[in-house]
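Q: no sequence on this one, just coordinates:
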């Protein structure tokens, strides 16, 4: 720590500061402060003017290498512990006492003369665009935000951090008092003292406030909490180390703090010290979940402004504050869902995904639920809106998804499908795969086109299969269509439920087997085994042929579906490639028979 720079910074900000106040701030004795001031005066950094201590031009020049150049604000993540609010609004754009958290930090930075501000965005990135006009910030996109931790965020702003004096901030922090400065004399990590057990980054430090060890979790410890500052000497050594870590296999789940922890544990002599910057209670807030935000800002107790919470409040006739235990579930490909509790019972609220209104007929889905309700094979529906697609259903504690690699379980799932098909339940709409392929092709062409180079040839092959199936038609019945293993729920009492009927309609039964096979990424051998399990016998040549034809057509259908979703801003990684490959490979398998 450079004590001269620290002293000069404090006097630069307040020339009326007393020696005792300086001693308290800098955590050194009053005698040491008096000696430090005398030395600074002798070096022409300071001079006295009555009760004031004034910074000279020489002193200001001495401070110049410590001037903060810019701030990086990390805002790429989803904020899963704040669902359902973060389904609509990035966490950093949530308001606390009527002010957005990220805007509060930007204003605090402006107050100390820091205007070069870079915000790293990812999830709902468009929501941050207005900040460019309002505050003249820069936005940098992190394309890895959904697959890698915040080590990737610093990677994508490497050039703004390396060899720079820079703040590293989180968009969702809230600081009561402004803790930023025009000049910073050393690198630091904001810290608070936590009593009892904690899962935060616990730190040890020496008398110079230099961090000597970091551990994930601890007891009665100071923890890393809030803003961070990298000095130029620190960033120039640390950032190349972080870059190497970013490209190291297995680092996807790392926070940038993992890299710091590893280097400190190694006692890397080349890495300048990172110091603790202890903060008083009630200064720095990192809201962990909606419950903490509710406790801090009463607005969120009853009037969150969130559509889903308002709906749950109305359905159960309770105030929003009675909706607890909010947590995200693994997002489906069509919708987003979250878990919540009311009166100690858990429920799932489904929120229709982007573009769903042109893909799903919610009235048809509702009709399917009503048609099969006496079979007791679906989840228990508490609320269903046929217009919006919002759904509230019972959550089965202790339940799990079926395992597509466990053929004993999949056989039981096939028994459930077969019982559904054999009940000959009818609804007034069909799932016509030829019509759906035409429709999804139209949607793709209207929103940016289809990027597969050989799509015209593959489409012609699909027409061949459709013509072939026309000559092999069998009786239709209500089919689930979306028979992925994740939609088969095995309850704690070992019963099987089939959930999410949004694509269901009248179709040939074998389509459910085909869909299940491609969703499970089965090869031909496993697909054959699945059909044999469903039929409980050896299939005929035509039955295999029909299975393969529907696997090819279904793969093509969902490849188009994924292309459309990508065209409107939702990516699903390699899923489209896998589905497109089913279209090609199983066309060949069908044509062999």
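A: Thanks, I have the structure now. A quick note: this is a predicted structure, and the numbers were derived from the prediction, not measured.

Q: my guess is residue 310 meets residue 320, correct?
A: Yes. Judged on Cβ atoms under 8 Å, residue 310 makes contact with residue 320 at a distance of 7.4 Å. Using the backbone N, CA and C atoms, a C-beta is placed for each residue, glycine as well.

Q: can you pull the contacts of residue 302?
A: 319-321 (Cβ atoms under 8 Å, 6 or more residues apart in numbering).

Q: report the separation between it and residue 310.
A: In this view, residue 302 and residue 310 are 10 Å apart by Cβ to Cβ, to the nearest Å.

Q: need the overlap of contacts for these two.
A: By the contact definition Cβ under 8 Å, 6+ apart, residue 302 and residue 310 are jointly contacted by residue 320.

Q: coming back round to it: more crowded one of residue 310 and residue 320?
A: Looking at residue 310 and residue 320 with other Cβ atoms under 10 Å, you find the greater number of neighbours at residue 320, namely 17 against 13.

Q: so how far is residue 346 from that one?
A: Per Cβ to Cβ, residue 320 is found 17 Å from residue 346.

Q: how about residue 207?
A: 50 Å.

Q: higher neighbour count, the two?
A: Ranked by neighbour count (other Cβ under 10 Å), residue 207 and residue 346 place residue 346 first, with 14 against 6.

Q: may I ask which helix or strand encompasses the more buried one?
A: strand 345-352 (DSSP states H and E).

Q: ok, residue 262 next?
A: helix 256-266.

Q: distance from that helix to the middle of the chain?
A: Computed by Cα atoms, centre = their mean, to the nearest Å, the chain-centroid distance of helix 256-266 equals 24 Å.

Q: contacts for it?
A: Residues from elsewhere that reach helix 256-266, judged by Cβ under 8 Å, 6+ apart: 150-151, 153-154, 168, 201, 211-216, 224, 238, 241-242, 245, 251, 271, 274.

Q: weed out the non-buried ones from those.
A: Applying a neighbour-count criterion of 16 or more other Cβ atoms under 10 Å, the buried members of the contacts of helix 256-266 are 150-151, 153-154, 168, 201, 211, 214, 224, 238, 241-242, 245, 251, 271, 274.

Q: mind checking which of those residues are in helices?
A: Among the buried ones among the contacts of helix 256-266, the subset assigned to helices under DSSP state H consists of 151, 153-154, 238, 241-242, 245.

Q: so where's this protein uncertain?
A: The chain contains residues with pLDDT under 70 at 330-334, 353-356.

Q: the nearest residue to residue 252 once chain neighbours are set aside: what secondary structure?
A: Closest residue to residue 252 apart from its sequence neighbours, by Cβ to Cβ, 6 or more residues apart in numbering: residue 148 at 4.6 Å. What DSSP: H, G, I helix; E, B strand; the rest coil gives for residue 148 is coil.

Q: name all residues that make contact with the residue nearest the centre of the chain.
A: Central residue of the chain (Cα atoms, centre = their mean): residue 78, 3.1 Å from the mean position. Contacts for residue 78 (Cβ under 8 Å, 6+ apart) come out as 86, 91, 123, 145-146, 328.

Q: now the residue nearest to residue 151 when sequence neighbours are not counted: how far from residue 123?
A: Nearest residue to residue 151, sequence neighbours excluded (Cβ to Cβ, 6+ apart): residue 254, at 4.6 Å. Relative to residue 123, residue 254 is positioned 19 Å away (Cβ to Cβ).

Q: again with residue 61
A: Computed as Cβ to Cβ, the residue 61 to residue 123 distance reads 44 Å.

Q: look at those two and report which has more neighbours.
A: Set side by side, residue 61 and residue 123 show more neighbours around residue 123, with 16 against 10, by other Cβ under 10 Å.

Q: which one is the more buried one nearest to, not counting chain neighbours?
A: Nearest residue to residue 123, sequence neighbours excluded (Cβ to Cβ, 6+ apart): residue 78, at 4.8 Å.

Q: swap in residue 556?
A: Nearest to residue 556 is residue 583, by Cβ to Cβ, 6+ apart, at 3.7 Å.

Q: equivalent analysis for residue 434, please.
A: residue 466 (5.1 Å).

Q: list the helices and strands the helix or strand that contains the one you found packs on?
A: Taking DSSP H and E as the definition, residue 466 sits inside helix 455-470. Applying 3 or more Cβ pairs under 8 Å, 6 or more residues apart in numbering; DSSP states H and E, we find helix 455-470 packed against helix 433-446, helix 541-567, helix 575-592.

Q: what's downstream of that helix, the next helix or strand?
A: Remark: after helix 455-470, the chain's next helix or strand is strand 477-479, criterion DSSP H and E.

Q: residues in contact with that next one?
A: So strand 477-479 is contacted by 368, 371-372, 420-427, 431, 504-509, 511-512 (Cβ under 8 Å, 6+ apart).

Q: redo that, cut-off 7 Å
A: The contact list for strand 477-479, computed with Cβ atoms under 7 Å, 6 or more residues apart in numbering, reads 368, 371, 420-421, 424-427, 431, 504-507, 509, 511-512.

Q: report the distance from it to the chain centre.
A: Centre-to-centre, strand 477-479 and its host chain are 36 Å apart (Cα atoms, centre = their mean).

Q: strand partners (parallel or antiparallel) of it?
A: strand 505-507 (antiparallel) (DSSP bridges).

Q: in the partner strand, what's buried?
A: Judged by neighbour count using 16+ other Cβ under 10 Å, the buried positions of strand 505-507 are 505-507.

Q: could you do stretch 268-277 as well?
A: So for stretch 268-277, counting by 16+ other Cβ under 10 Å, buried means 271-277.

Q: now distance to residue 192 too, for those, in a markdown table please.
A: Formatted as a markdown table, the buried residues of stretch 268-277 follow (distance: Cβ to Cβ, whole Å):
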| residue | distance to residue 192 |
| --- | --- |
| 271 | 24 |
| 272 | 23 |
| 273 | 20 |
| 274 | 16 |
| 275 | 15 |
| 276 | 10 |
| 277 | 10 |
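
Q: tell me the one among the residues you listed nearest to residue 99.
A: Distance to residue 99, by Cβ to Cβ, is smallest for residue 277 among these, at 23.7 Å.

Q: any idea how far residue 94 is from the closest one?
A: Between residue 277 and residue 94 the distance is 25 Å, computed by Cβ to Cβ.

Q: thinking again about what came up before, and the residue nearest to residue 123, helix, strand or coil?
A: coil.

Q: so residue 403 sits against residue 412, correct?
A: No. Applying Cβ atoms under 7 Å as the test, residue 403 and residue 412 come out as separate, 11.1 Å apart.

Q: not counting its neighbours along the chain, what's nearest residue 527?
A: In space, residue 527 is closest to residue 517, 4.1 Å off (Cβ to Cβ, 6+ apart).

Q: tell me, how many residues neighbour the one you found?
A: 29.

Q: list the contacts of it.
A: 527, 530, 551.

Q: ditto for residue 111
A: Applying Cβ under 7 Å, 6+ apart to residue 111 gives the contacts residue 178.
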